[in-house]
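Chemist: starting from these lines, generate the structure:
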Amino acid sequence: MKYKKLTQEQIVISLDRLTRFKNTREKYLRVFSDIIISNLIEPKLRKADLEKMEFAQIRNLAEEIFNGSLEEHSSSNIINIKLRDYENTIYNNDDSTQELLNNNIDYESALKYINNESVINLRWLKSLAEDGNLVSMREEHCLKFPIEKVLLVEGITEEILLPAFSKFLGYDFYKNGIQIIPAGGKNQVVKMYYKLSEELNLPIFLLLDKDAEENISQITPRLRVNDCIHLVSCGEFEDLLPKSLIVKTVNSHFENFLTITEDDLEENTPEAKNLENIFKTKGLHEFKKAEFAKLVRENIFDDSDISAEILDIIREIAGSNNTLDSKICS
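Modeler: Have a look, this model is predicted:
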């Protein structure tokens, strides 16, 4: 077999992709296949060739190329064992997927390419080389992994703001192993839930806008015992934001251009629509939910910035593992 060595960047990218929160079979096959297709010189294999091969063959080829690209070599397989056990804890992996997990990738030697500024899953990978309780290390270093609960939401506003509100209240998503996934709309939430509920052993918390009653009727028959749904009481997630927080955010960011009051936010009009109108009439750039959510996140300073329903949602997410401080427990 003849191959060109992986670059340091390729090694780090492979490690990153192997430790993301994604279906075990899908990510391992993709990473191993990419290593082979990009670096194997002889015999030259195409994607179609790999699709006909046994998983063990694909694993062995990728393993040899990866390990042969490292400057140093270690005989330790403790990280491999921890990764395999973790993947089998959170996912329902079949026997063929075990062939991918039972690899001898030299993670120990590859850790030298990971630093403290690396993405969170790589910092977690580095921690697997240490002795100690994984949950305790997650809580101490805010590593997010191992994941313990999935929070499935409709859009990016929730993805940006829920962790911020929760952290302000004393419940850090990274410390408590909460993985938030924006599905991209209520219909996509249903499809995503069907997929995740079949793959995962983890509880799933679904947050849906008020207009998703029909979607809930599609989910409920398949809702597992440890899963739960919160339906926003009125409108969208943006409508749960206190008007005072919205006003504070706008005035803080656009202080040299305009000032608004709560009276500018019309009653019985969705807050996103109110903001679209304000941006349009005041000659500002186009209102974008994601950009505005990031501005809101920077303006969460005190208890008045948390509405009662947002507080309830965070309490529900925390569930029986409630380790929250007095703010959220009061």
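
Chemist: please count neighbours and contacts with C-alpha atoms only from this point.
Modeler: Will do.

Chemist: for Val153, see how far away the closest residue to Glu158 other than its chain neighbours is.
Modeler: Leaving aside its sequence neighbours, Glu158 sits nearest to Phe237 (C-alpha to C-alpha, 6 or more residues apart in numbering; 6.9 Å). Phe237 sits at a distance of 10 Å from Val153 (criterion: C-alpha to C-alpha, to the nearest Å).

Chemist: Phe301 too?
Modeler: Note on Phe301: its distance to Val153, by C-alpha to C-alpha, is 24 Å.

Chemist: so those two - more neighbours on which side?
Modeler: Comparing Phe301 with Val153 by other C-alpha atoms under 10 Å, the one with more neighbours is Val153, at 27 against 12.

Chemist: surely that one and Ile204 touch.
Modeler: No: counting by C-alpha atoms under 8 Å, Ile204 is not a contact partner of Val153; they are 10.4 Å apart.

Chemist: hmm, the residue nearest to Glu158 is touching Ile156, no?
Modeler: No: between Phe237 and Ile156 there is no contact, the gap being 10.3 Å when judged by C-alpha under 8 Å.

Chemist: show me which of these two is the more surrounded one.
Modeler: Taking neighbours as other C-alpha under 10 Å, Phe237 and Ile156 compare with Phe237 leading, 26 against 19.

Chemist: if I've got this straight, Glu255 is in a helix?
Modeler: No: Glu255 sits outside any helix when classified using DSSP: H, G, I helix; E, B strand; the rest coil, being coil.

Chemist: the helices in the stretch 201-330 of the chain, which residues?
Modeler: 213-219, 243-253, 271-281, 289-297, 308-318, 326-329 (DSSP state H, counting those that start in this stretch).

Chemist: who wins for proximity to Lys167 among those?
Modeler: For the helices of the stretch 201-330 of the chain, the distance to Lys167 is smallest for helix 308-318, at 9.7 Å, taking C-alpha to C-alpha.

Chemist: check contacts around Asp209.
Modeler: Residues near Asp209 by C-alpha atoms under 8 Å, 6 or more residues apart in numbering: Glu154, Lys186, Leu231, Val232, Ser233, Cys234, Gly235, Glu236, Phe237.

Chemist: for Met137, state which of these is nearest.
Modeler: Glu154 (30.6 Å).

Chemist: confidence score at the nearest residue in space to that closest one that is not next to it in sequence?
Modeler: Excluding its sequence neighbours, the residue lying closest to Glu154 (C-alpha to C-alpha, 6+ apart) is Gly185, at 4.7 Å. pLDDT, Gly185: 93.
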